[in-house]
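Novice: for reference, the sequence and a predicted model appear below.
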Amino acid sequence: MTGMDEAELARLLRAAIGGDEKAYADFLHRTAALVRGFVRRKIVQGGVDPEDVVQETLLAIHVKRHTWRQDAPVLPWVYAIARFKLIDAFRRRGRRIEIEIGEIAESFAEPETETVSERDINRALDGLPPAQRSVVSSVSVEGRSIGETAARFGISETAVRVSLHRGLAAIAKRFGAG
Amino acid sequence: MRTEDLIKALDADASSRAMPLRSAWWMATAAAAGIAAVVFWLTIGPRPDIMIAMHTMRFLSKFVFTLVLAVTAFALIRALSTPGASTGKAAAWMIAAPLLVLVAVVLELFAVPEADWGTRLVGSNMMICMTFIPLIGIGPLAIFLWMLRYGAPTRPVLAGAVAGLLAGGLAATFYAAHCFDDSPLFVATWYSIAIAILAALGALGGRLFVRW
């Protein structure tokens, strides 16, 4: 199970870094499921919403994907980021948590779906400058493509890409500083 | 925002590029060495008799210590700034520089009569040493802390301390070309304190600035 995940995820992320968007979407979906399983297992008592940690982890994976060495295994990298974000989430809420590294290997993807509630990421999104916020919302919540977003706001696709990239980086940074 | 929506946004940003961390570390270290060299030449510079000094074991041994420290710290900090990378082997190698200094100290104690131990240890440059190693190293340390922000260290305080050791190894390498006190007794004492100052500053920087 883990061996297959490893090879497949590494292949997808390599392809994604090479510019394959389809592979990146696949990678992110699988990784979200893995991280969701891991985080839900670790959060036994309330206070931290697992889905917030999943989102923080995905953002961190995205803005830090240049730290992955393409010849290194990808799962330890993913779980190290998830573990860091989980501990961070607990720390922010004034709790302490101990996680055994050995347990990480046992966690695997389950077809768990996310729960819906008010998200930390929405607060981070609201804190963005208006231009970045509308571009990020358009591409994410409203589900528009880069081209459609450019047409809607009457700006170039390059400008959309720049705003999106800066907006996501700012949201990731806000999580880190929180 | 649902996770599904977030993934759409991340996927749309898939084409954004950043320099791979490993290459960035090489560039940052080259830049740090450049800054250290400039500060060194503008302030104290090499000692005038450096060509003669280069023929003595004691003078050369200083560069072995400082360069071994820099190389081992470089390997460790690259591992520490990469999530999930194993750090055990690189951490174990950090013992190399202190061990070499220890061996040199023991040899020195055998080679030098006991009456001279005190003067060798105190030397004549300890204040300069303790001032200029941190001064030459502070620019490189800032670069390395910035690099830690660019990376993703899961133990920021430890990574910051190692950034200080790397900056210290680099700075001490330059400073060693200036200093007349070549005895391992002097090096083991004052270089260590000066480098420890940088390591402490690095740990503090890691705590305060290295967030991601």
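Specialist: Now that the structure is in, tell me what you want to look at. Residues are numbered from 1 along each chain as shown, chains lettered A, B, ... in the order given.

Novice: buried stuff in the helix or strand hosting residue B:139?
Specialist: Using DSSP states H and E, residue B:139 maps to helix B:126-150. Buried residues in helix B:126-150, counted by 16 or more other C-beta atoms under 10 Å in any protein chain shown: B:126, B:128-129, B:132-145, B:147-150. (C-beta placed from N, C-alpha, C; glycine too.)

Novice: what do you get for stretch B:155-163?
Specialist: B:156-163.

Novice: so who does the most centrally placed residue in chain B touch?
Specialist: Closest residue to the average C-alpha location of chain B: residue B:166 at 2.0 Å, with C-alpha atoms, centre = their mean. Contacts for residue B:166 (C-beta atoms under 8 Å, 6 or more residues apart in numbering or on different chains) come out as B:29, B:70, B:73-74, B:77, B:140, B:144.

Novice: how near is it to chain A?
Specialist: 18 Å (C-beta to the nearest C-beta, to the nearest Å).

Novice: nearest residue to that residue other than its sequence neighbours?
Specialist: residue B:73 (3.9 Å; C-beta to C-beta, 6 or more residues apart in numbering or on different chains).

Novice: now do the same for the one you found: its pLDDT.
Specialist: In this model, residue B:73 is scored at 98, pLDDT.

Novice: quickly find the element holding residue B:10.
Specialist: Residue-wise, residue B:10 maps onto helix B:3-12 under DSSP H and E.

Novice: pLDDT of that helix, averaged?
Specialist: 95.

Novice: before we move on, what about stretch A:54-61?
Specialist: Mean per-residue pLDDT for stretch A:54-61: 96.

Novice: what's that stretch in contact with?
Specialist: With C-beta under 8 Å, 6+ apart, stretch A:54-61 has contacts from A:28, A:31-32, A:35-36, A:39, A:78, A:81-82, A:84-86, A:88-89, A:114, A:119-121, A:168, A:171-172, A:175-176, B:1, B:3, B:6-7, B:10, B:152, B:212.

Novice: against residue A:143, how distant is the most centrally placed residue in chain A?
Specialist: In chain A, the C-alpha nearest the mean C-alpha coordinate belongs to residue A:58, at 1.0 Å (C-alpha atoms, centre = their mean). For residue A:58, the distance to residue A:143 (C-beta to C-beta, to the nearest Å) stands at 17 Å.

Novice: distance from the centroid: which residue in chain A tops it?
Specialist: Outermost in chain A, C-alpha atoms, centre = their mean: residue A:154 at 29.0 Å.

Novice: ok, back up a step: please identify the buried residues of the helix holding residue B:10?
Specialist: Judged by neighbour count (16+ other C-beta under 10 Å), helix B:3-12 contains these buried residues: B:3, B:5-12.

Novice: packing partners for that helix?
Specialist: If you count contacts as 3 or more C-beta pairs under 8 Å, 6 or more residues apart in numbering or on different chains; DSSP states H and E, helix B:3-12 packs onto helix A:21-42, helix A:50-63, helix A:130-139, helix A:157-177.

Novice: touching chain B at all, whichever helix or strand comes after the third one?
Specialist: So that's helix A:130-139. Tracing the chain past helix A:130-139, the next element assigned as helix or strand by DSSP H and E is helix A:146-153. Yes: contact of helix A:146-153 with chain B is found when judged by C-beta under 8 Å from any C-beta of the partner chain, involving residue A:146.

Novice: give the buried residues for helix A:146-153.
Specialist: Neighbour counts using 16+ other C-beta under 10 Å place A:146, A:149-150 of helix A:146-153 among the buried residues.

Novice: export the residues you listed as a markdown table, with columns for pLDDT.
Specialist: Output for these, formatted as a markdown table (pLDDT from 0 to 100):
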| residue | pLDDT |
| --- | --- |
| A:146 | 95 |
| A:149 | 96 |
| A:150 | 96 |
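
Novice: ok, so of those residues, who is nearest chain B?
Specialist: residue A:146 (5.7 Å; C-beta to the nearest C-beta).

Novice: who are the contact partners of the closest one?
Specialist: Residue A:146 neighbours (C-beta under 8 Å, 6+ apart): A:139, A:157, A:160-161, A:164, B:12.

Novice: now for those: which two are most distant?
Specialist: A:139 and A:157 (11.6 Å; C-beta to C-beta).

Novice: with neighbour numbers in mind, choose between these two.
Specialist: More crowded of residue A:139 and residue A:157, by other C-beta atoms under 10 Å in any protein chain shown: residue A:139, with 27 against 13.

Novice: show me what contacts that one?
Specialist: The contact partners of residue A:139, by C-beta under 8 Å, 6+ apart, come to A:145-146, A:149, A:160, A:164, B:8-9, B:12.

Novice: one more pass at 7 Å, please.
Specialist: Taking C-beta atoms under 7 Å, 6 or more residues apart in numbering or on different chains, we find residue A:139 in contact with A:146, A:149, A:164, B:8-9, B:12.

Novice: tell me which helix or strand of chain A sits lowest on mean pLDDT?
Specialist: Across the helices and strands of chain A, mean confidence by mean pLDDT, DSSP states H and E is lowest for helix A:101-104: a mean of 50.

Novice: give me the next element, helix or strand, following it.
Specialist: As assigned by DSSP H and E, the chain's next helix or strand after helix A:101-104 is helix A:120-126.
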